[in-house]
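> build me a model:
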Amino acid sequence: MEQWNDSLKSGEFIRNIEFEVNKEPNVYEITSSLIKNENNETNGAVHIIRNITKHIQEQLELKESYEKLNAGMQALQDKNEQITLLVEMSDIMLACSSQEELSNVMTKYCQRMLHFASGYLYIMHPSKNYLEMATTWGTPNTQETTFIPNDCWAIRLGRMHQVSSSHDELICNHVNVSSEHALSFLCIPLMAQNDIYGLLYMEIPQETSTAFSQNQQLIITAFSELTALAFANVRLRENLRYQSMRDPLTGLYNRRYLEDFLLKQIHQSERTKSPISLLMLDLDHFKKINDTYGHDAGDVALKELGKILQEDIRVGDIAARYGGEEFIVVFYNTDEKTIRARAESIRQAVSRLQIKYGAQLVGPITISIGIAVYPIHGRAPTELIESADKALYFAKANGRNKVVLYSEIENRKSSVNKKKSDYPKPSDDQLI
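All right, here's what the predicted structure looks like:
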């Protein structure tokens, strides 16, 4: 009756009625309209009934399709953005020249691409004995800064290892589990060229992990693979750079690096008015050592001398193998008096060496040292090295196992203005 009164007021009334037909829900639309005469008096009514079940279903399907399309478009847009970021990150990572630069780049892109998680990046030490925390993003739980490879299932298995928020799976020993939040854990080894360069450790909140999409897994996989390749590239560059400036036998710098370094130090000293001291060292009777004990024993003697030089220098100073049994050590901002004492300390340390090769005791091991100081004894690298070489020659010609400063030669009346060939000429056996 109420609906009829509404129809009388408006002149038309529409409503939907739902009921079952053959046990199937059906929806009918009823449209009611009044019939009036020329005096606007109601003479009757017209009721039209239509089955609109199919129409409603089509509308619902259309709405669902539209929502799926929107979701798909959004997912495609997100995926394209992620791919763009991956390409951008890859270009920058491949341009990095150190692990520190690479870690900084990775931190920024973790925040942008893996924002649904928090975590740490661990780098494998070149010794392969442990991994060390390099960077972090988000707000992860406090974890160990270092751990051994066997503490991580992902590294042991060589593949991604995931632990759900229920923690039913095996938890890595390096993971500190917090009871405050329900988290799932993800360890992804950074593998490239059959080698492991590090680990990507992620913590994913429960509400996120339950809706963890396949696209997110693909992004994590691509992210870790690109990062691993970048670390492999940086490690290769570092190894090549190391090999290009190091002597393979002693691990000291080589002659080429020394000459470049010395030139830069002289330019710096010109600005700062600071002295540079250069030591040229030579193993006494090295030929005799090789002839008596063999070349392998001679190599051992060179290595031990290299260790002493490496341990004695300060940060900013360098030791280099100049060639054969000759070594050069460059000390920055060191005067004549100080450098002579340092050289004497090195000479005494070498003379105390006890080198065994097989069952034999090699030696005795002694060195002769010549010293030149910039700018007193030379203003160019070649002049400085030549002065040190003359001082070294004088030391070997006058008994070996000595430290001689170039200025000491100049002060000797008999040595003034003499060339190297004018010095007392020892035999070849005496100089070797």
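> low-confidence stretches in the stretch 51-200 of the chain?
Along the stretch 51-200 of the chain, segments meeting pLDDT under 70 span 71-72, 74-78, 179-181.
> change it to 90
Within the stretch 51-200 of the chain, the stretches with pLDDT under 90 are 51-91, 93-117, 126-127, 134-135, 138-139, 141-142, 144, 162-170, 176-185, 192-195.
> quick one: the strands in it, in order.
Applying DSSP state E, counting those that start in this stretch to the stretch 51-200 of the chain gives strands spanning 118-124, 131-137, 146-147, 161-163, 183-192, 195-205.
> so where do the helices sit in the stretch 201-350 of the chain?
Under the criterion DSSP state H, counting those that start in this stretch, the stretch 201-350 of the chain contains helices at 206-209, 214-245, 255-272, 286-293, 295-312, 336-351.
> and the contacts of the helix or strand that the last one is followed by?
For helix 336-351, the following helix or strand on the C-terminal side (DSSP states H and E) is strand 355-357. The set of residues that contact strand 355-357 without belonging to it, under Cβ atoms under 8 Å, 6 or more residues apart in numbering, is 293-294, 296-297, 300-301, 304, 361-363, 365. Quick note: C-beta positions are derived from backbone N, CA and C, even for glycine.
> let's go with 7 Å and repeat that
293, 296-297, 300-301, 304, 362-363, 365 (Cβ atoms under 7 Å, 6 or more residues apart in numbering).
> list just the nearest of these to residue 205.
Checking the contacts of strand 355-357 against residue 205 by Cβ to Cβ gives residue 304 as the nearest, at 57.0 Å.
> which of the helices of the stretch 201-350 of the chain comes out lowest on mean pLDDT?
The weakest mean pLDDT among those belongs to helix 206-209, with a mean of 64.
> list the contacts for the closest residue to residue 170 other than its chain neighbours?
Spatial nearest neighbour of residue 170, chain neighbours left out: residue 153 (5.7 Å); criterion: Cβ to Cβ, 6 or more residues apart in numbering. The contact partners of residue 153, by Cβ under 7 Å, 6+ apart, come to 161, 170, 172, 187.
> residue 306 and residue 248 touch, don't they?
No. Counting by Cβ atoms under 7 Å, residue 248 is not a contact partner of residue 306; they are 11.2 Å apart.
> and the gap between the residue nearest to residue 170 and residue 42?
Going from residue 153 to residue 42 by Cβ to Cβ, to the nearest Å gives 83 Å.
> for residue 372, same thing?
For residue 372, the distance to residue 42 - Cβ to Cβ - is 125 Å.
> neighbour count winner among those two?
The residue with more neighbours, out of residue 372 and residue 42, is residue 372; 27 against 12, by other Cβ atoms under 10 Å.
> ok, residue 303 touching residue 251?
No. Counting by Cβ under 7 Å, residue 303 stays clear of residue 251, with 8.2 Å between them.
> which strands and helices sit next to the biggest strand by length in the chain?
When the chain is parsed with DSSP state E, its longest strand is strand 24-36. With contacts taken as 3 or more Cβ pairs under 7 Å, 6 or more residues apart in numbering; DSSP states H and E, strand 24-36 sits against helix 2-10, strand 12-21, strand 42-51, helix 53-94.
> next, count neighbours for the residue lying closest to residue 82 once chain neighbours are set aside.
Nearest residue to residue 82, sequence neighbours excluded (Cβ to Cβ, 6+ apart): residue 219, at 5.3 Å. Residue 219 has 20 neighbouring residues, counting by other Cβ under 10 Å.
> how near is residue 219 to residue 201?
Using Cβ to Cβ, residue 219 is found at 16 Å from residue 201.
> domains in this protein, by residue range?
Under the assignment automatic domain parsing, the domains of the chain span 2-51, 79-242, 255-431.
> now those as CSV including distance to residue 64?
As requested, the domains of the chain are exported to CSV (distance: least, Cβ to Cβ, whole Å):
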stretch, distance to residue 64
domain 2-51, 18
domain 79-242, 19
domain 255-431, 69
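> of all those, which lies closest to residue 60?
The closest of these to residue 60 is domain 2-51. By Cβ to Cβ, the value is 11.2 Å.
> if we can go back for a sec, between the contacts of strand 355-357, which sits nearest residue 334?
If you rank the contacts of strand 355-357 by distance to residue 334 using Cβ to Cβ, residue 304 comes first, at 24.2 Å.
> which residues touch that closest one?
Counting by Cβ under 7 Å, 6+ apart, residue 304 makes contact with 353, 355.
> now for residue 117, how many residues are close by?
For residue 117, the neighbour count with other Cβ under 10 Å is 24.
> spit out the contact partners of it.
Neighbouring residues of residue 117 by Cβ under 7 Å, 6+ apart: 138, 202-204.
> closest one of those residues to residue 277?
Closest approach between those and residue 277, by Cβ to Cβ: residue 138, at 51.2 Å.
> in space, what's closest to the closest one - neighbours in sequence excluded?
Spatially, and ignoring its direct neighbours in sequence, residue 138 is nearest to residue 118 (2.7 Å; Cβ to Cβ, 6+ apart).
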